[in-house]
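# return a 3D structure for these sequence lines:
(one chain, ligands or ions: 1)
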Amino acid sequence: DERELRAHFEETVAADRRVEPRDWMPEAYRATLVRQIAQHAHSEIIGMQPEGDWITRAPSLRRKAILWAKVQDEAGHGLYLYGAAETLGADRDDLTRRLLEGRQKYSSIFNYPAATFADVGVIGWLVDGAAICNQVPLCRSSYGPYARAMVRVCKEESFHQRQGYELLWTMARGTAAQREMVQDAVDRWWWPSLMMFGPPDAASPNSRRSMAWRIKRHSNDELRQRFVDMTVPQADRLGVTLPDPELRWNEERGHHDFGTPDFAELARVIGGDGPCNAERVARRTAAHEDGAWVREAAVAHAQRRARRTDD
Ligand code: 3HC
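Residues are numbered from 1 along each chain as shown. I've put the predicted structure just below:
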C-alpha cells in the first residue's frame, strides 16, 4: 500500500540509492524534477544563442571549430535532459510549448548579450565554470536518469570551461585592446554569473524540499561561494580584476568574502525583463516553427512504415 511505498522511497533516498523511473515516487517529487530538469534543458538550448552568433565571426578556423563543437554539445545536453524529463512522463512538445509561452523558465544568464569575441571566452570560463559548480553535485542527485545525464554533461562542460579560459589567456597576452576587451567582458558577466546560482537561500522556495529529497545536494549560496573561491585564483592568473570591491580572502572563514549580487535584477531577468529575453524566445519560437515540416515528415514517414509492417 501507499504507506509502504512511501517508506521504501524515503529509505532509498536516505540511503543515497537512486530512484528509477519505474519506482513509486511522491507526485511532488516527480513534479519538482520535471520542473528543474525541463528548465535545465531549456537553458542548454537557449544557451546556444549567445555563442552561436559568433560561429560565423570567429577570428580563426581553430576558434570556429572549437565554438562549433561547444554549441553542438549544448544542443546534446538539452536533448539528454529532455530525455530525462520524458522518463518522468513529461511530453517534449508540451515542454517546448511551456518554454515558448513563458510558462517554464530557462537560466537568467542567457538573457545577456555576447557583445565581443572576448564574451565567448568569458562565457566558457565563468558561465560554464558556474554550471560545473552546479552540475557536479547533480551527478549524485537521487533521480537516476538525471544524475546519469549529468555525468556525461560534466565531462563535456570541463572542455567548455577550459577552452574559454584558454581563449582569454591568449587575448590577455595580446594587444592592449584585446586585454581591454577581456576586462570589459569580465565586468559585464561576473555578477550575472553569480546570479545563475539562484536567489539567496532565505529566498529559495524550492531548496528545502529539493535538499530533503537529495535532488539538490548543496544550497544556492553554498555553490555560489564555491564558485567564487574557485574563480578568484583563476582571475588573478589571467590578470583580470573581478568587479567587486568587497571581494577579499577571509582567513577565518577559509573563503572569500564578496558583495551581494543584485537579486532584484535577477528577479527582473527571470520575470522576462532582461536585456535579451524577447530576442531569445523569439529565436527559439522561429526555430520551432521553421522545423515544423521536419516533424511532420518524420511522423508521416513513421506512419507509412507502420502501415507497411501491418500490410
Ligand atoms: N534563472 C532562472 N530561474 C531561476 C534562476 C536562474 N538563474 N535561479 C532560480 N530560478 C527560479 C527557479 O527555477 C524557481 O522558479 P520555479 O519554482 O518557477 O522553477 C525560483 O527561481 C526560485 O528559485 P529556487 O532556488 O527556489 O529554485 P531551485 O531550487 O530550482 O534552484 C537552480 C534554482 C539552482 C537553478 C536549480 O533549479 C538547478 O540547479 N537547476 C539545474 C541546473 C541549471 O539549470 N543550471 C543553469 C543553466 S544550464 C547551463 O548553464 C548550461 C551550460 O552549458 C552553460
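# in stretch 185-203, which residues are buried?
185-186, 188-199 (16 or more other CB atoms under 10 Å). Using the backbone N, CA and C atoms, a C-beta is placed for each residue, glycine as well.
# pull the number of nearby residues for the closest residue in space to Asp244 that isn't next to it in sequence.
Excluding its sequence neighbours, the residue lying closest to Asp244 (CB to CB, 6 or more residues apart in numbering) is Gly259, at 4.7 Å. Neighbour count for Gly259, taken as other CB atoms under 10 Å: 13.
# the ligand: which of the buried residues of stretch 185-203 is nearest?
Of all these, the ligand sits closest to Gly198, with 3.4 Å by CB to the nearest ligand atom.
# which residue packs closest to that closest one, ignoring adjacent ones?
Nearest to Gly198 is Asn220, by CB to CB, 6+ apart, at 4.0 Å.
# so what's the one you found up against?
By CB atoms under 8 Å, 6 or more residues apart in numbering, the contact set of Asn220 is 197-201, 204, 207.
# and with 6 Å instead?
197-198, 201, 204 (CB atoms under 6 Å, 6 or more residues apart in numbering).
# out of those residues, which are close to the ligand?
197-198, 204 (CB under 6 Å from any ligand atom).
# between these, which sits nearest Ala287?
Gly198 (27.2 Å; CB to CB).
# okay, the buried residues of stretch 185-203 in JSON lines with secondary structure and pLDDT next?
Shown next, in JSON lines, are these (DSSP: H, G, I helix; E, B strand; the rest coil; pLDDT from 0 to 100):
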{"residue": "Ala185", "secondary structure": "helix", "pLDDT": "98"}
{"residue": "Val186", "secondary structure": "helix", "pLDDT": "98"}
{"residue": "Arg188", "secondary structure": "helix", "pLDDT": "98"}
{"residue": "Trp189", "secondary structure": "helix", "pLDDT": "98"}
{"residue": "Trp190", "secondary structure": "helix", "pLDDT": "98"}
{"residue": "Trp191", "secondary structure": "helix", "pLDDT": "98"}
{"residue": "Pro192", "secondary structure": "helix", "pLDDT": "98"}
{"residue": "Ser193", "secondary structure": "helix", "pLDDT": "98"}
{"residue": "Leu194", "secondary structure": "helix", "pLDDT": "98"}
{"residue": "Met195", "secondary structure": "helix", "pLDDT": "98"}
{"residue": "Met196", "secondary structure": "coil", "pLDDT": "98"}
{"residue": "Phe197", "secondary structure": "coil", "pLDDT": "98"}
{"residue": "Gly198", "secondary structure": "coil", "pLDDT": "98"}
{"residue": "Pro199", "secondary structure": "coil", "pLDDT": "98"}
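# nearest to Asp311, of the contacts of Asn220?
Using CB to CB, the contacts of Asn220 come closest to Asp311 at Gly198, 54.8 Å.
# how near is that closest one to Ser210?
11 Å (CB to CB, to the nearest Å).
# can you tell me the closest non-neighbouring residue to Gly272?
Nearest non-adjacent residue to Gly272, counting by CB to CB, 6+ apart: Gly102, 6.4 Å away.
# which SS class is the one you found?
coil (DSSP: H, G, I helix; E, B strand; the rest coil).
# the longest helix in this structure is where?
If you go by DSSP state H, the chain has its longest helix at helix 144-172.
# now that helix: how far from the chain's centre is it?
Centre-to-centre, helix 144-172 and its host chain are 11 Å apart (CA atoms, centre = their mean, to the nearest Å).
# so which elements touch that helix?
Judged by 3 or more CB pairs under 6 Å, 6 or more residues apart in numbering; DSSP states H and E, helix 144-172 is in contact with helix 61-86, helix 117-122, helix 128-138, helix 176-195.
# give me every residue in the stretch 1-150 of the chain lying close to the ligand.
35-36, 39-40, 43-44, 47, 74, 77, 105, 107-108, 127-128, 131, 134.
# looking at this protein, which helix or strand is least sure?
The weakest-scoring helix or strand in the chain, judged by mean pLDDT, DSSP states H and E, is helix 292-310 (a mean of 93).
# one step back: quick one: closest of the helices and strands packed on helix 144-172 to Gln163.
Using CB to CB, the helices and strands packed on helix 144-172 put helix 61-86 closest to Gln163, at 5.1 Å.
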